[in-house]
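Undergrad: pasting the structure only:
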Ligand SMILES: Nc1ncnc2c1ncn2[C@@H]1O[C@H](COP(=O)(O)OP(=O)(O)OP(=O)(O)O)[C@@H](O)[C@H]1O
Ligand SMILES: [Mg+2]
């Protein structure tokens, strides 16, 4: 297998611990409203191919201590990103937002078979957030405002400094991934505790009107109590096993420590070929596994330098570092997986397009991502698995070979389904 400038360990998909979607973000997915109310800043886009445009997206927030390489990583992922990255803490104050296409080789295959005029990949929004310091939840550093930026993202990429360089300031004086991870986790936990206390107080005052609201309130109280206990024990909210009803009842709180996390071990270029020889990386790997989170090892510096080079020279540069491929594709795919997202395709002469859905969505819900009329008037979905489509070569050929299925309202869309919706308006 080709050696790449990144390793990743994606947490098990489908784990109930992993996914928390705020209502607003879910609506955003459905309505593709861009970067909504988060920040009034330019949105950068990563190029995919000259004929591509990008559709809907969910947000991944890049967080970490100050000066660990967050903006450097952002500029590399969002290829033409212009976030200021420099060797001083709190270089970033206002978040930078960029939309990134999710690389998926299946798109080109489908497009070639269907002779499509263009390809539209799925996308994720990356948000480069200011550095957090100890005491942020009590207003230290840049304070609470920045925790609120984290509240608005769907998942967290926590950049952990694993490179030694005396010229680059570490806010706590030395490279120490465990301490860095603990600091961030504690700040998220303190902020959640604060929110939970306030909510519990509010619930005590309010009176539920009917039995349905009473049930809801009971579920919420129970969830809040369980999470409060976990937080007091230093555990994140995502470590608590809740019933679906309880999960639903606290969704609007958008708890920070409920969000799924990928730790991004940021290594020096000299460590890229054998990252596991770096003891800091070993430590982050262990912590990521203990915290039921994902891990990606990458050199933000190398990735950002790569984007400055002409495409032809990139492979040479990577080879000189002992790797064959950039690690960004894996990072983006790992993030997409972490968000609990699935892809289905539509493919025809006009375009081949990747549509993003949540795991478990039914055919009408998936159709509703394209247009609400498709969901309202849904009749059936002609569906063929990606591999079967490729083997047959087209919808028509798949039908002839009996590979095309006519699925109804209760069908749960599978990863890689190629679909054609029949609907009434
Ligand atoms: N893998 C790496 N190896 C060496 N230097 C790096 C690496 N990653 C980032 N740096 C350097 O670290 C410095 C800080 O980077 P950057 O501005 O991206 O940090 P940041 O986390 O965004 O900081 P802030 O919180 O202040 O916004 C820059 O000088 C950058 O070049
Ligand atoms: Mg920055």
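TA: Arrived safely. A quick note: this is a predicted structure, and the numbers were derived from the prediction, not measured. Ligands and ions are numbered 1, 2, ... in the order given.

Undergrad: any low-confidence regions in the stretch 201-350 of the chain?
TA: 208 (pLDDT under 70).

Undergrad: Walking through it, point out its strands one by one.
TA: Assigned by DSSP state E, counting those that start in this stretch, the stretch 201-350 of the chain shows strands spanning 261-266, 294-298, 341-347.

Undergrad: Now do the second one: which elements does it pack against?
TA: In terms of contacts (3 or more C-beta pairs under 8 Å, 6 or more residues apart in numbering; DSSP states H and E), strand 294-298 is packed against strand 6-9, strand 261-266, helix 279-290, helix 328-338. Backbone N, C-alpha and C define where each C-beta goes, glycine included.

Undergrad: if you look at it, does any of it touch ligand 1?
TA: No. Strand 294-298 lies out of reach of ligand 1 by C-beta under 6 Å from any ligand atom, never closer than 8.0 Å.

Undergrad: number of nearby residues for residue 109?
TA: Look at residue 109: counted by other C-beta atoms under 10 Å, it has 15 neighbours.

Undergrad: do the same with residue 313
TA: Using other C-beta under 10 Å: residue 313 sits among 11 other residues.

Undergrad: Quick check: residues of the chain near ligand 2?
TA: For the chain, the residues in contact with ligand 2 (C-beta under 5 Å from the ion) are 70, 71, 91, 92.

Undergrad: Sticking with residue 97, tell me its helix or strand.
TA: Secondary structure assignment for residue 97, by DSSP states H and E: strand 96-101.

Undergrad: Show me what the mean pLDDT comes to for that strand.
TA: Averaged across strand 96-101, the pLDDT comes to 86.

Undergrad: And the contacts of the next helix or strand after that strand?
TA: Next in sequence after strand 96-101, counting helices and strands by DSSP H and E, comes helix 105-114. Residues outside helix 105-114 that contact it (C-beta atoms under 8 Å, 6 or more residues apart in numbering): 116, 118-119, 121, 345, 347-349, 352, 354, 386, 389-390, 393-394, 416, 418.

Undergrad: which of those residues come close to ligand 1?
TA: Answer for those near ligand 1: none qualify (C-beta under 6 Å from any ligand atom).

Undergrad: thinking again about what came up before, is it possible to get CSV of the strands of the stretch 201-350 of the chain that adds mean neighbour count?
TA: Shown next, in CSV, are the strands of the stretch 201-350 of the chain (neighbours: other C-beta atoms under 10 Å):
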stretch, mean neighbour count
strand 261-266, 28
strand 294-298, 26
strand 341-347, 23
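
Undergrad: Out of those strands, which gets nearest to residue 377?
TA: For the strands of the stretch 201-350 of the chain, distance to residue 377 was read as C-beta to C-beta. The smallest value, 16.8 Å, belongs to strand 341-347.

Undergrad: and whatever helix or strand comes next after that closest one, what does it pack onto?
TA: Once the chain leaves strand 341-347, the next helix or strand it forms, by DSSP H and E, is strand 351-358. When contacts are defined as 3+ C-beta pairs under 8 Å, 6+ apart, strand 351-358 sits against helix 23-31, helix 105-114, strand 118-120, strand 341-347, helix 363-370.

Undergrad: can we see that at 10 Å?
TA: On a contact count with 3 or more C-beta pairs under 10 Å, 6 or more residues apart in numbering; DSSP states H and E, strand 351-358 meets helix 23-31, strand 57-63, helix 105-114, strand 118-120, strand 123-128, strand 341-347, helix 363-370.

Undergrad: coming back round to it: show the buried residues in the contacts of helix 105-114.
TA: 116, 119, 121, 345, 347-348, 352, 354, 386, 389-390, 416, 418 (16 or more other C-beta atoms under 10 Å).

Undergrad: which of the residues you listed lies closest to ligand 2?
TA: Among these, residue 121 lies closest to ligand 2 (C-beta to the ion), at 26.6 Å.

Undergrad: give me the beta-bridge partners of the residue nearest to that closest one when sequence neighbours are not counted?
TA: For residue 121, ignoring the flanking residues on the chain, the nearest one in space by C-beta to C-beta, 6 or more residues apart in numbering is residue 101 at 4.1 Å. Counting by DSSP bridges, residue 101 forms beta bridges with residue 123.

Undergrad: ok so, going back, which single one of the buried ones among the contacts of helix 105-114 is nearest to residue 278?
TA: Distances from residue 278 to the buried ones among the contacts of helix 105-114, taken by C-beta to C-beta, are shortest for residue 121, at 33.0 Å.

Undergrad: My read is that the closest one contacts residue 104, right?
TA: Yes. Counting by C-beta atoms under 10 Å, residue 121 touches residue 104, with 6.2 Å between them.

Undergrad: Could you show which parts of the stretch 51-200 of the chain are in contact with ligand 1?
TA: Within the stretch 51-200 of the chain, the positions adjacent to ligand 1 are 64, 66-72, 85-87, 89-92, 130-131, 163, 165, 168 by C-beta under 6 Å from any ligand atom.

Undergrad: are any of the residues you listed buried, and which?
TA: Here, 16+ other C-beta under 10 Å leaves 64, 66-72, 85, 89, 91-92, 130-131, 163 buried among those.

Undergrad: Which secondary structure elements does the longest helix seen in the chain sit against?
TA: Counting residues, the longest helix found in the chain (DSSP state H) is helix 177-205. Counting contacts by 3+ C-beta pairs under 10 Å, 6+ apart, helix 177-205 packs against strand 57-63, helix 144-151, strand 155-161, helix 211-232, strand 261-266, helix 279-290.

Undergrad: next helix or strand past the first one?
TA: Translated: strand 57-63. Later in the chain than strand 57-63, the nearest helix or strand by DSSP H and E is helix 70-77.

Undergrad: Over to the nearest residue to residue 322 once chain neighbours are set aside: give its phi and psi.
TA: Once flanking residues are discounted, residue 322 sits nearest to residue 273: 3.0 Å by C-beta to C-beta, 6+ apart. Note on residue 273: its backbone torsions stand at phi -70, psi -40 [degrees, to the nearest 10].

Undergrad: if I read this right, residue 273 contacts residue 323, doesn't it?
TA: Yes. Residue 273 is in contact with residue 323 according to C-beta under 10 Å; the separation is 6.1 Å.

Undergrad: if you count what's nearby, which of those two comes out ahead?
TA: The residue with more neighbours, out of residue 273 and residue 323, is residue 323; 22 against 12, by other C-beta under 10 Å.
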